[in-house]
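what shape does this take:
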Amino acid sequence: MTVKKTNTLLGAACALMWATGAHAQHSVRLLTEVERIENPSLLSVSPGSVNLLRAAADYAYELQGDRTRSRFSAGIVLERSSDTLLLASRNYPSLGYTWAYTWPTASLELRANLTEAATRNSRSEDLGLVSIDTRERTTVAGARWNKDLTERTRLTLDAANNRVSYDSALFESYREQEISSRITWEASERTSYYFEPGYSRLSPLGVGPDSRLSRWIVGTRGELAPSWAITAFAGQARASGATASTGGLTGLQLDYTGNRLTSGLEWTRDLQPVGSASGYIRTEMLELRAGYQLTQGARLSASATRSKWGGIGGGTGHISRLTLENELSERWSSRLGIEDRRLKSVAGTSGRGWAIRAGLIYSYSQL
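Below is the predicted model:
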């Protein structure tokens, strides 16, 4: 492409942004972190510890117009291990794009994402599960439609196609299609209720039959007091296929937000794919978290998670974390944390490990 054509395209794009009143925002986040991990695979007898050097970079570009919004993001995580027999050295890229259009009483959002991560991190963040280390690759394509039915009632339709694959034979790669809808009614400024039916189909990428899940839940969100908020739901789910199961779905989340202290409790019972079996598995998670603002720029946070999951590779996991974050300047901050992980499988084996990490973070955004 010639310079003349490039300038013409850039000029046309700038003219379009000016005409539609759109404005752009760039943001960059850089992380350098050192982590020491004891017993990274949570074996019954620890083989030793490993030092991990992690460098991460994330970039996001967002364009906001009168009715349209688009966001592009890209990132990379580089991990280098001092002992590749205990913990592999890997690179984890990520890409994401979201486009949304808004009408006076409706909106449409299209999204596509590609993410790679270590299972020892992603599974603890997403499911609260303690896991061994392997590569997890997730691709998501989906759409969401919101429509205001009345002044206080809204309808949401959501569809997504997820593909999850692993490098290890200990996990079952799969593809999942999900369709759900939600009707939300705002009873007041502080309280709302919702009803959400859904259907999903899980197809193993290897050998095995498809699994199907039908579910429905009813829930509420509200403020108990100026500093307290609650979310609760209950429902029923039925799974058929590789693992047939029927059971109740329940969840409770209670949050407190004070001047310096924040705390929360979350408890859920669900049926979802966990990667260790080709089907929907019963899961249960309980999480306690708290944070305290020590100074204007320093914050101390702690959390404890207990999770259970069924199936052949089922078990119970515990994760405890303590993190100190300190704002050094407008764009620089530091992070120091310690983490304890424990795992006990249904076969009776157990393991325990810990990690300590220190990192430096740079954040920048510009309109």
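
pull the number of nearby residues for residue 308.
Applying other CB atoms under 10 Å, we find 18 residues neighbouring residue 308. The C-beta positions use only the backbone N, C-alpha and C, and glycine is treated the same way.

can you confirm it is in a helix?
No: remark: residue 308 does not belong to a helix; assigned using DSSP: H, G, I helix; E, B strand; the rest coil, it is strand.

and the gap between the residue nearest the centre of the chain and residue 191?
Against the mean C-alpha coordinate of the chain, by CA atoms, centre = their mean, the closest residue is residue 126 at 5.0 Å. Distance of residue 126 to residue 191, given as CB to CB, to the nearest Å: 29 Å.

do residue 359 as well
40 Å.

so which of those two has more stuff around it?
residue 359 (18 against 14).

check the spatially closest residue to the more buried one that is not a sequence neighbour and give its pLDDT.
Sequence neighbours aside, residue 33 is the residue nearest to residue 359 in space, at 3.3 Å (criterion: CB to CB, 6 or more residues apart in numbering). pLDDT for residue 33: 97.

what does residue 109 give?
Residue 109 is assigned 98 on the pLDDT scale.

name the spans of this protein whose pLDDT lies under the cut-off.
Residues of the chain meeting the criterion pLDDT under 70: 1-22, 242, 276-277, 312, 367.

redo that, cut-off 50
1-3, 5-20 (pLDDT under 50).

what segments of it are helices?
Under the criterion DSSP state H, helices of the chain are mapped to 3-20, 119-126.

any buried residues in the last one, and which?
Read that as helix 119-126. Under the neighbour-count criterion of 16 or more other CB atoms under 10 Å, helix 119-126 has 119-120, 122-124 buried.

could you check how far it is from the centre of its chain?
Chain-centre distance of helix 119-126: 9 Å, with CA atoms, centre = their mean, to the nearest Å.

again, but for stretch 338-352
On CA atoms, centre = their mean, the centre of stretch 338-352 falls 23 Å from the chain's centre.

buried residues in that stretch?
For stretch 338-352, using 16+ other CB under 10 Å, the buried residues are 339, 341-345, 351-352.

next: stretch 23-43.
29-31, 33, 35, 37-43.

what's the answer for stretch 202-213, then?
In stretch 202-213, counting by 16+ other CB under 10 Å, buried: 202, 204, 208, 211-213.

so which of those sit within strands?
Among the buried residues of stretch 202-213, DSSP state E puts 202, 204, 211-213 in strands.

can you redo those as JSON lines with distance to residue 309?
As requested, these are arranged in JSON lines below (distance: CB to CB, whole Å):
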{"residue": "202", "distance to residue 309": "15"}
{"residue": "204", "distance to residue 309": "17"}
{"residue": "211", "distance to residue 309": "15"}
{"residue": "212", "distance to residue 309": "19"}
{"residue": "213", "distance to residue 309": "15"}
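
determine which two of these are furthest apart.
Taking every pair in these and measuring CB to CB, the maximum separation is 14.3 Å, between 204 and 213.

returning to what we had before: distance of the residue nearest to the centre of the chain from residue 133?
For residue 126, the distance to residue 133 (CB to CB) stands at 15 Å.

then residue 221?
36 Å.

which one's more surrounded, these two?
Neighbour comparison, residue 221 and residue 133: the larger count goes to residue 133, with 20 against 17 (by other CB under 10 Å).

measure the closest residue to the more buried one other than its chain neighbours to residue 51 for me?
Closest residue to residue 133 apart from its sequence neighbours, by CB to CB, 6+ apart: residue 120 at 4.5 Å. Look at residue 120 and residue 51: by CB to CB, they are 15 Å apart.
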